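Enquirer: Show me how the following folds:
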Amino acid sequence: MTIRPLLPLAFLATFALASCEKDNGASPTQSALLETRWLLASVDNAPVAASSYSGTSRAYIEFVGLGKCTVGLGPCNNFSGRFSLGSGGQQLRIAPQIPTRATCPVQALETQYLDNLALTARYEISGSELRLYDASAAAPRLVFRRAGR
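Expert: Have a look, this model is predicted:
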């Protein structure tokens, strides 16, 4: 067996892996936000205990830094979308999320959750808590807790 036919494959594999590297320019606060599962604790000061999937499933969101994508679970449906971080401070914009379309008894809560995600202008992390704020409110619209892994 010769090595020459494997060189193009090795080059492509190296190139693919190099393009997946994380952005080392992320601030410590941004790094804490990314690649973490955040469990939904409250929506507009109303506590949220579980999703309607089961008594053990919890609504959550994850910010996947490599693709600037969001993935999550609302009280009723899975969802995904995009996000962007501002260059200064703790600015965060979350595009409207695309959920699956199952109906459930708490559909209004899920709509409020997804609407509030789209209103997000900034975030704050304190200990294991993530707070999302819109542009005008002094109180957070959404509060999450870091999932224990």
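
Enquirer: same question for stretch 90-102, mean pLDDT?
Expert: Averaging pLDDT along stretch 90-102 yields 94.

Enquirer: Just the buried residues of that stretch, please?
Expert: Buried residues in stretch 90-102, counted by 16 or more other CB atoms under 10 Å: 90, 92, 94, 97, 99. In this view, the C-beta of every residue, glycine as well, is placed from N, C-alpha and C.

Enquirer: from these, which is closest to Ser57?
Expert: Minimum separation from Ser57 among the buried residues of stretch 90-102 (CB to CB) is found for Pro99, which lies at 15.0 Å.

Enquirer: Pretty sure Asn116 sits in a strand.
Expert: No: with DSSP: H, G, I helix; E, B strand; the rest coil as the criterion, Asn116 is located in helix rather than a strand.

Enquirer: Gly148 versus that one, what's the distance?
Expert: Between Asn116 and Gly148 the distance, using CB to CB, to the nearest Å, works out to 24 Å.

Enquirer: Who has more neighbours out of these two?
Expert: Asn116 (19 against 7; other CB atoms under 10 Å).

Enquirer: Quick one: the helices in the chain, in order.
Expert: 7-18, 28-33, 107-119 (DSSP state H).

Enquirer: Can you work out which other helices and strands pack against the last one?
Expert: Read it as helix 107-119. Under the contact criterion of 3 or more CB pairs under 8 Å, 6 or more residues apart in numbering; DSSP states H and E, the helices and strands touching helix 107-119 comprise strand 37-43, strand 142-146.
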